[in-house]
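Chemist: Quick one, what's the 3D model for this:
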Amino acid sequence: MRSPALPNIADASRSSQLKQAQAKIDELNRQLLAQVDDLTALLELAPIGIVFSDDPECRSLELNEYGCSLTGLPEFTTTPVNADPSYVIEQDGRPIAPEDLPLQQVWKTGKALHDFRGQFVGPGDHRFELLMSASPVHDVEGEIRRVIGVINDITPLVAAREDAESRARHHAYVAQLGKQSIADISAEQMIAELPDRLAELLSVDFAKVLLCLPGQDELELASSHGFDVPPGTRVGTGAQSQARYTLTMREPVTVEDLSTETRFNGPPLLRDAGVVSGLSVIIGDPDEPLGVLGVHTATARAFSDDDRSFLQSVSNVLAATLRRTAADRQKQLLLDELRHRVKNMLATVQSVTSLTLRGAGLDPEVKERLTNRIQTLALAHDLNFRRNDDVVDLAELVRIQIEPYDPNEERVTVRGRSACRLPPDVAIDMSMIVHELVTNAIKHGALAGDEGEVTITLDDGSQQQNRVRFEWRERHPRAQDPQTRAGSGTMLLKAIGAQPHFDVDWTMAENGLVCSVTVNL
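Modeler: Take a look at the predicted model:
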């Protein structure tokens, strides 16, 4: 009889180990599933769009809950490859080819892709600015098994940046206008340029400058952009005028939809052009308006506070320029009248002097000197009044005094050039100095004969110190002794040289008189 079989101790041991291993595996699986559940919950709760695909062709995509809410797409969707996709991703207004989308690029290259920019256009024309990054997920063999993408809606950031850039451009333009106004750009030139620049900076279809006509209930179209009417067109200011309403309200006026506007009826200028929205501001003081500045669009537009502030700032600069231009014109009228009166007065003085001296029994040379000095004053006054910018070119002043005696510029040479701001009294004194030097040279010095010549040197090298130098140098083979040159001219030079603005020094060199004049401005 055979003995009964004994239990295999080794098999029992292996069975126990298998149970323990299975239990451990089950525990690990439970932990892994818990981690997956936690990760899934985190992905669903995270305020960021997440999309992934296990398909190298990305024919099927899966979105987390926030991604669905962000894009308006279902949890399981596809790449937009058909003729009528439910969504597209664009760059610069053009759809991106499916093979060039971020997930597909990562599948092809095996490399992560960061900061992809585009515009998402989804169901119902739902749009937002998209920023996306994507990265591969590898298996234990190092092969890509999944690609995950992260989607952000950066529309507010893009809008904020565009607003900041727009405000910066607006501030820069207002500063530029102010600089041009200070630099004496004419109001006409500024008005001509404004509409085109406003249309560009505010992205509008129409812009116009309307100016008030004194004593009239109309405005004049000074310049425009987008309107098919010429400058000079009269615009009524009755009940149907947005401009008149703006002047009445004394503040900026915004129109959202002209077709439904109840405060006034749109004028033919706006209605004929197809204007929908607009913004108007007063040019100048509401109590004494100079006109109205307006911008308009052919589509609905909500103008912002920044738009109103910018347009009002531009209007203020234009108003200042208009006032300055009007003041300049009035000043010029007064100067022309003053010049005319001074010229007539000096002519009268010359006539009276000539009549008085005719029977006075004076030396003819004395008579001639007095008459010439009055004429010199007339020339100096004429030069001052002709220079509207108050800048007297010393070389021009010198040439005016010399030209009657050396019309062909054969014997008097002027070197250098000096443009300096001479007050009228200083310019007149300088004219008298040059006149005395040239007349003395004709009578007693280098210009008395045919052999002599004069060199005048102008030097404004010390302009930064507000000084300008004038040197008169005669060259004559038979120069006279300085004592024979003394007289009323010398006394006049001494009198002018004693003034604070002048340093006058003269000497008799070997070849003739040398006179140096420094004008301290």
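Chemist: Strands of the stretch 51-200 of the chain, residue ranges please.
Modeler: With DSSP state E, counting those that start in this stretch, the ranges of strands along the stretch 51-200 of the chain come out as 61-63, 76-77, 88-91, 94-95, 113-122, 126-138, 144-153.
Chemist: just the stretch 251-400 of the chain next, same as before
Modeler: Using DSSP E, counting those that start in this stretch, strands in the stretch 251-400 of the chain cover 253-255, 277-283, 291-297, 392-393.
Chemist: low pLDDT regions in the stretch 201-350 of the chain?
Modeler: 237-240, 330-350 (pLDDT under 70).
Chemist: all helices of it, in order?
Modeler: Using DSSP state H, counting those that start in this stretch, the helices of the stretch 201-350 of the chain run over residues 242-249, 268-273, 305-358.
Chemist: and stretch 273-293, how far apart are its ends?
Modeler: End-to-end span of stretch 273-293 (CA to CA, to the nearest Å): 17 Å.
Chemist: chain center to it, what's the gap?
Modeler: Stretch 273-293 sits 22 Å away from the centroid of its parent chain (CA atoms, centre = their mean, to the nearest Å).
Chemist: in it, what counts as buried?
Modeler: 273, 275-284, 289-293 (16 or more other CB atoms under 10 Å). Every C-beta, even on glycine, is put in place using the N, C-alpha and C of the backbone.
Chemist: just stretch 242-258 next, same as before
Modeler: 242-247, 252-253, 255, 258.
Chemist: Equivalent analysis for stretch 514-521, please.
Modeler: 514-515, 517-519.
Chemist: What about the nearest residue to residue 178 once chain neighbours are set aside, how many residues nearby?
Modeler: Counting by CB to CB, 6 or more residues apart in numbering, residue 317 is the residue found nearest to residue 178 once chain neighbours are left out, at 5.5 Å. When neighbours are defined as other CB atoms under 10 Å, residue 317 has 21 of them.
Chemist: can you tell me how far residue 317 sits from residue 308?
Modeler: Relative to residue 308, residue 317 is positioned 15 Å away (CB to CB, to the nearest Å).
Chemist: now do residue 107
Modeler: The spacing between residue 107 and residue 308, counted by CB to CB, is 51 Å.
Chemist: Tell me which residues touch residue 242, please.
Modeler: 253, 255, 264, 266-267, 270, 278, 280, 294 (CB atoms under 8 Å, 6 or more residues apart in numbering).
Chemist: Out of the buried residues of stretch 242-258, the closest to residue 435 would be?
Modeler: residue 247 (57.7 Å; CB to CB).
Chemist: so how far is residue 233 from the nearest residue to that closest one once chain neighbours are set aside?
Modeler: Nearest in space to residue 247, with sequence neighbours left out and distances taken as CB to CB, 6+ apart, is residue 289 at 5.6 Å. Counting by CB to CB, the gap from residue 289 to residue 233 is 19 Å.
Chemist: same question, residue 13
Modeler: For residue 13, the distance to residue 233 - CB to CB - is 108 Å.
Chemist: Please say which of the two ends up with more neighbours.
Modeler: residue 233 (15 against 10).
Chemist: Leaving out sequence neighbours, find the closest residue to the more buried one.
Modeler: Nearest to residue 233 is residue 221, by CB to CB, 6+ apart, at 4.3 Å.
Chemist: and what of residue 102?
Modeler: Excluding the flanking residues, the one nearest residue 102 by CB to CB, 6+ apart is residue 134, at 4.3 Å.
Chemist: if I look at that neighbour, how far off is residue 105?
Modeler: The gap separating residue 134 from residue 105 is 7 Å, by CB to CB.
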